[in-house]
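>>> take a look and give me a structure for this.
(4 chains)
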2 protein chains.
Amino acid sequence: MEEARLDKKEALRHIYLFSGLGDSDLEALARLAVRRDFPRDSHIFWEGREAQGFYILLEGLVKLVKSSPDGKEFIMRLVMPGETFGEAAVLAEINYPATAMALEDCQTLFFPKAGFLNLLTASPKLARNMLATMSRLLFHLTRQLEDLTLKEVSSRLASYLLERCREQHGRVAADLSVELPVTKTHLAAYLGTISETLSRTLARLKSVGAIQVEKSKITIKDPEVLKSISQGGKS
Amino acid sequence: MEEARLDKKEALRHIYLFSGLGDSDLEALARLAVRRDFPRDSHIFWEGREAQGFYILLEGLVKLVKSSPDGKEFIMRLVMPGETFGEAAVLAEINYPATAMALEDCQTLFFPKAGFLNLLTASPKLARNMLATMSRLLFHLTRQLEDLTLKEVSSRLASYLLERCREQHGRVAADLSVELPVTKTHLAAYLGTISETLSRTLARLKSVGAIQVEKSKITIKDPEVLKSISQGGKS
DNA sequence: CGGCCTGTTGATGCGACTCAATTCAGGTGG
DNA sequence: CCACCTGAATTGAGTCGCATCAACAGGCCG
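Down below sits the predicted model:
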């Protein structure tokens, strides 16, 4: 038991949300955290349900989705290891705004609402980190909103590829490759479209020499063209 | 000067973000706040600029917009008196995510970033309020994202009307009227469309007997039909 | 009166979703 | 090892929603 808690504490140290916290805070968080694992394709929480707490993803891949009555679904966010999800619902009296589902086998830490709120009032640093985290989320959502309303699919795809490239290599240049973290069908749902359209759009980008596609690895051949398309230039 | 500060302090008491704060916190906030007024059609801040601080709208109407190179614009949010805007950029090291513009003559209070961050660490209650505010913003944005990706214009319009009705009357029923806070062109930009399409959609809702339109006052005639349309039922 | 802005209505075209058929890859079991 | 099945990806044809372009009516104000 002691060992397990120490492990948890060390793991927490490397989570962005908890960076810079003192030992006593980390210890309290470790005591609070509950290990919860989810098999592939299982649901972690449902949109509209009362929030019990939030999660940190240790290992695996999670999608946060909105779905419409007639079966279509939109992926709000893909959660990668080290990131948190379900935070928003903990802090206001609101329900989970989306459904969370494990796309791979997942290991998470769960933080119950009440206990976490206590820690939050006790630790100004934690509160600051939380505010920063939520600000970045907000920023991300505004970007998505902008893209969906003002840009067409080819622009959104180009933006996505450039962003991923920057994230994976720190820069954008010719012949750098981007590995898609999910299937193309999922990517389509993330970009607010459907797999058929994504397929056609990828083919179009390939035909103008902007990219090269093999399986789920996409290689950027012409960054300039891609940038121009991402800014709304017609493809 | 003393009088002015006392006035400011009293005004702050009724802002949601500051509710439940102690006198000393309010006083510090009042000392920090700077009165800034903006004439109609003037810009308050620009997307992409470094955030200096955030604002509380005391009087007037503000739109937060994203605009594309080719002139189209999308209204992220309409800010009403008592609400804050520009908060997100203060807490993470990010720039303003949208442009703020006064749609009417506006009176605001401005809170410089550095000073506010100090207060934030000193007052757990303020931090909690801030987190709750941002959570609600996040919730609102996720709803917008959902609507834009999964619903068509008629559904979005119906949702908007129902929401406004609930907000203005506390309930939804036949013969309740909704007063649009902005021009129809602005509403169109808020719903992610253009004025022509909005005009046609309103006409269609009117022709099926769901609503009645006079100037900027819209009366709900058939709540059931409206609800059905808002959930994606074809109009 | 003559601009100017808002709103409405019509005709047209484009982007993207739908439906359907086919191919392909991965995994399973005989 | 091959036959089989399932889900993913691709491609084509048809349709629809909505943006675009254009013309015009009404209200407001200098």
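
>>> residues of chain A that sit close to DNA strand D?
A:183, A:184, A:185, A:195, A:196, A:198, A:199, A:200, A:202, A:203, A:213, A:216 (Cβ under 7 Å from any atom of the strand). Any C-beta I mention is one placed from the backbone N, CA and C, and that applies to glycine too.

>>> now, among those residues, which is nearest to residue A:160?
residue A:198 (10.3 Å; Cβ to Cβ).

>>> may I ask which helix or strand encompasses the nearest residue to the closest one once chain neighbours are set aside?
Ranked by Cβ to Cβ, 6 or more residues apart in numbering or on different chains and with sequence neighbours excluded, the top spatial neighbour of residue A:198 is residue A:188, at 4.1 Å. Taking DSSP states H and E as the definition, residue A:188 sits inside helix A:184-190.

>>> repeat that for residue A:10.
Using DSSP H and E, the element containing residue A:10 is helix A:2-13.

>>> would you mark the buried spots in the least confident helix or strand in chain A by mean pLDDT?
The weakest-scoring helix or strand in chain A, judged by mean pLDDT, DSSP states H and E, is helix A:2-13 (a mean of 79). Residues A:8, A:9, A:11, A:12 are the ones in helix A:2-13 that count as buried (16 or more other Cβ atoms under 10 Å in any protein chain shown).

>>> and the first one, how far from residue A:213?
Meaning residue A:8. 41 Å (Cβ to Cβ, to the nearest Å).

>>> for the following helix or strand past the helix holding residue A:10, give me every contacting residue.
Heading C-terminal from helix A:2-13, the first helix or strand you meet, by DSSP H and E, is helix A:23-32. The contact list for helix A:23-32 (Cβ atoms under 8 Å, 6 or more residues apart in numbering or on different chains) reads A:5-6, A:8-9, A:12-13, A:18, A:21, A:111-112, A:115-116, A:119, A:122-123, A:125-126.

>>> chain center to helix A:23-32, what's the gap?
25 Å (Cα atoms, centre = their mean, to the nearest Å).

>>> which residue is the nearest non-sequential neighbour of residue A:70?
residue B:232 (6.3 Å).

>>> if we can go back for a sec, what about DNA strand C: which of the residues of chain A next to DNA strand D touch it?
Answer for the residues of chain A next to DNA strand D near DNA strand C (Cβ under 7 Å from any atom of the strand): residue A:196.

>>> in CSV, list the residues of chain A next to DNA strand D along with secondary structure and neighbour count.
As requested, the residues of chain A next to DNA strand D are exported to CSV (DSSP: H, G, I helix; E, B strand; the rest coil; neighbours: other Cβ atoms under 10 Å in any protein chain shown):
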residue, secondary structure, neighbour count
A:183, coil, 12
A:184, helix, 15
A:185, helix, 13
A:195, helix, 14
A:196, helix, 10
A:198, helix, 21
A:199, helix, 14
A:200, helix, 13
A:202, helix, 19
A:203, helix, 10
A:213, strand, 15
A:216, coil, 13
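
>>> in CSV, list the residues of chain A next to DNA strand D along with pLDDT and distance to residue B:132.
Formatted as CSV, these follow (pLDDT from 0 to 100; distance: Cβ to Cβ, whole Å):
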residue, pLDDT, distance to residue B:132
A:183, 96, 37
A:184, 97, 38
A:185, 97, 36
A:195, 97, 38
A:196, 97, 42
A:198, 98, 38
A:199, 97, 43
A:200, 97, 44
A:202, 97, 42
A:203, 96, 46
A:213, 95, 45
A:216, 92, 40
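
>>> just name the closest of the residues of chain A next to DNA strand D to residue B:98, please.
Taking Cβ to Cβ as the measure, residue A:198 is the one of the residues of chain A next to DNA strand D closest to residue B:98, at 27.7 Å.

>>> that closest one contacts residue A:186, correct?
No. Residue A:198 is not in contact with residue A:186 according to Cβ atoms under 8 Å; the separation is 10.0 Å.
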